[in-house]
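>>> Build me a structure from this.
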Amino acid sequence: MRRGRGARAAVLGAEQSFGRAAHRGDAGRDAGGVTPIRASVVIVSRDRPGALGLCLTALAQSRHANFEVVVVTDAEGEAALAPWGDRIRIRRCEEANIGLARNIGIEAAAGEVIVFLDDDALPEPGWLAALTAPFEDETVAAAGGFVRGPGHLGWQWRARAAFADGSCRELALEDDAPVVLRGRLGRGIKTEGTNMAVRRGVLTAMGGFDPAYRFYLDETDLNLRLAAQGARTAIVPQAQVHHGYLASPRRRHDRVPRELAEIGASLAVFLRRHGARLDGNARIEAERAAQRQRLLAHMFWGRIAPGDVGRLMAGFEAGVSEGRLRPLPRLAPLDEPPPGFAPLHDEPPTAPAVWLSARPLTARAQMAEAAQLAARGHVVTLLVLWPDARRHRLRFDRRGVWVQSGGLFGPALPGDPAFRYWRFAERAAFEEARQRPQRDPAGAGIAETSPS
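Model prediction:
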């Protein structure tokens, strides 16, 4: 495994006021024979059974040796889980409320650490081991990883701070080593709902997530509550997931909102919970302007009609009004006794990672080989290189294969040059080395197959 450089991570500028304490976790620790901390992965899924199945296929490749899976879903999602049998603990939630659904999952989880993953996210095989490693330090209450965007290799979210007005700000880290930060009242360490973990005892004592947030700001509220307690949160850059933009009842696949009522309501609730010292009306006005600008941009590109702008903004206003009156009961501890721990795998997967590379004409044959290897328990990456400079894309095939395709001379990561000369074998070796910390945390990969 390629380890972090060991340089102390830092929060720059004004964010130094959060305080910090270095934590030197090793994402591949379980691969070296030490049993990792027991973890429960909670996935909330609604109206997206296809995405849920793909997410679970990727999660099953995790090189963490001691985890269970809890899925909170509707009837459609439950039917999609039939192939997994009793390997997955299933709970139902018919209400469209992310906070309530996550709390149902928390009460059904038996792990010492509870991990949250969205149904439209694809976790890297090394993700879970990296994200849970900081909890070996008993003073760490929560952890968050990095999130890549759909299809490409750019970042959606990295290290951020969360504030009492619901806004967030980027935090600069020195390198990719884990770092532990401490928040304070009104300033929290942001963890993304699709890539975060919290110690179970801490989470249940806090009452879990606040059901007053049905769609938006639920994890940010949790971050602020943790910060108010002085809790320590680890940021783990090597714990990475790929997050999709899938259609849902509240947004289309192209990120065009179907309604804004819950955004308005959640913001109003958030300001009631955390913004007593702030000008709430000014914050809502700023959000109103931002949402309108967002809709005008969609209208400019022809994604919505002019009449949709007024309709959606009316929904935002109605949501704000409703959120200002929404009941906000005191959160009671979640004291439901956990069930027995039920690991997904009887034996953790140990088959080494495999890298295959191909040119377009040989890609189909290499894909067939890749699918066979994945069926035998290997983490397989197929790199397809075209003889040009097109940008690289990434997808996860339902047969369990990570497929990266792009030009031999094209960019893969943000900041890469638009054109760089490579020999085929050189580029394949470079991409393998870059991917190894996430795909092969045990450091036992097989050399890639030469192209036909």
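>>> Quick check: longest strand in the protein by residues?
Across the chain, the longest stretch assigned as strand under DSSP state E is strand 232-243.
>>> Can you list the buried residues in stretch 396-413?
396-397, 400-412 (16 or more other Cβ atoms under 10 Å). For the C-beta atoms, the positions are set from N, CA and C on the backbone; glycine is no exception.
>>> re the thing from before, just list what the following helix or strand past the longest strand of the chain packs against, helices and strands only.
Sequence-wise, the next helix or strand downstream of strand 232-243 (DSSP states H and E) is helix 261-274. Secondary-structure packing of helix 261-274 (3 or more Cβ pairs under 8 Å, 6 or more residues apart in numbering; DSSP states H and E): helix 218-228, helix 280-300, helix 306-325.
>>> ok, residues contacting helix 261-274?
With Cβ atoms under 8 Å, 6 or more residues apart in numbering as the test, helix 261-274 has contacts from 164-166, 186, 210, 212-218, 220-221, 224, 250, 257, 278, 280, 283-284, 287, 291, 315-324, 326, 328.
>>> Tell me how far Ala133 lies from Arg199.
Here Ala133 is placed at a distance of 13 Å from Arg199 (Cβ to Cβ, to the nearest Å).
>>> who has more neighbours, those two?
For Ala133 versus Arg199, neighbours defined as other Cβ atoms under 10 Å are more numerous around Ala133 (27 against 21).
>>> now do the same end-to-end measure for stretch 331-351.
Start to finish, the residues bounding stretch 331-351 are 44 Å apart (Cα to Cα, to the nearest Å).
>>> and that stretch, average pLDDT?
Per-residue pLDDT over stretch 331-351 has a mean of 91.
>>> Can you select the buried ones from the contacts of helix 261-274 in PyMOL?
Only the buried members of the contacts of helix 261-274 enter the following PyMOL selection, criterion being 16+ other Cβ under 10 Å:
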select buried, resi 164+165+166+186+210+212+213+214+215+216+217+218+220+221+224+250+257+280+283+284+287+291+315+316+319+320+323+326
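>>> Could I get the contacting residues of the residue lying closest to Asp388 once chain neighbours are set aside?
Nearest non-adjacent residue to Asp388, counting by Cβ to Cβ, 6 or more residues apart in numbering: Gly407, 4.3 Å away. Contact analysis of Gly407 by Cβ under 8 Å, 6+ apart lists 385-392.
>>> Which pLDDT value goes with Gly407?
Gly407 is assigned 98 on the pLDDT scale.
>>> try the one 5 residues further on
Residue-level confidence at Ala412 comes out at 96, pLDDT.
>>> Make TSV from the helices and strands packed on helix 261-274 and add distance to Gly53 to it.
Below are the helices and strands packed on helix 261-274 laid out as TSV (distance: least, Cβ to Cβ, whole Å):
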stretch	distance to Gly53
helix 218-228	24
helix 280-300	30
helix 306-325	31
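>>> tell me the phi and psi of Gly183?
phi -80, psi -180 (degrees, to the nearest 10).
>>> Distance of it relative to Gly230?
Separation of Gly183 from Gly230 (Cβ to Cβ): 8 Å.
>>> In terms of neighbours, single out the busier of the two.
Using other Cβ under 10 Å, the more surrounded residue of Gly183 and Gly230 is Gly183, with 25 against 12.
>>> Leaving out the residues flanking it, which one is nearest to Thr57?
Gly400 (5.7 Å).
>>> what do you get for Arg184?
Spatial nearest neighbour of Arg184, chain neighbours left out: Ala227 (5.9 Å); criterion: Cβ to Cβ, 6+ apart.
>>> And for Ala231?
Counting by Cβ to Cβ, 6+ apart, Ala141 is the residue found nearest to Ala231 once chain neighbours are left out, at 3.9 Å.
>>> From what I see, the one you found and Arg200 are in contact.
No - contact between Ala141 and Arg200 fails when scored by Cβ atoms under 8 Å: they sit 10.6 Å apart.
>>> more neighbours, these two?
Just comparing Ala141 and Arg200: by other Cβ under 10 Å the higher neighbour count belongs to Ala141, 23 against 20.
>>> The helix or strand containing that one packs against which elements?
Using DSSP H and E, the element containing Ala141 is strand 140-148. Secondary-structure packing of strand 140-148 (3+ Cβ pairs under 8 Å, 6+ apart): helix 127-132, strand 155-157, strand 187-190, strand 196-199, helix 218-228, strand 232-243.
>>> mind listing what that strand pairs with, with the direction of each?
Applying DSSP bridges, strand 140-148 is found paired with strand 155-157 (antiparallel), strand 196-199 (antiparallel), strand 232-243 (parallel).
>>> Pass me the low-pLDDT residue ranges in the chain, would you?
Applying pLDDT under 70 to the chain picks out residues 1-34, 245-249, 443-452.
>>> Tell me both backbone torsions, phi and psi, for Gln229.
Phi and psi for Gln229, reported as degrees, to the nearest 10, are phi -90, psi 0.
>>> Now do it against Ala212, distance only.
In terms of Cβ to Cβ, Gln229 sits 19 Å off from Ala212.
>>> so which of the strands paired with strand 140-148 comes closest to Pro338?
Nearest to Pro338, of all the strands paired with strand 140-148, is strand 196-199, at 13.3 Å by Cβ to Cβ.
>>> Show the subsequent helix or strand relative to the closest one.
Counting by DSSP H and E, the next helix or strand C-terminal to strand 196-199 is helix 200-205.
>>> for that next one, which positions count as buried?
Applying 16+ other Cβ under 10 Å to helix 200-205 flags 200, 202-204 as buried.
>>> Could you export it as CSV, CA atoms only?
C-alpha atoms of helix 200-205 as CSV (Å, rounded to 0.1, in the frame of the first residue of the first chain):
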residue,chain,number,x,y,z
ARG,A,200,-22.4,4.6,17.5
GLY,A,201,-22.4,5.6,21.2
VAL,A,202,-21.9,9.3,20.4
LEU,A,203,-24.6,9.2,17.7
THR,A,204,-27.3,7.5,19.7
ALA,A,205,-26.7,9.7,22.8
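>>> I'd like to know which of the helices and strands packed on strand 140-148 is closest to Asp74.
Closest approach to Asp74 among the helices and strands packed on strand 140-148 (Cβ to Cβ): helix 218-228, 18.4 Å.
>>> any idea how far Ser321 is from Gly50?
36 Å.
>>> Many thanks, I have nothing further to ask.
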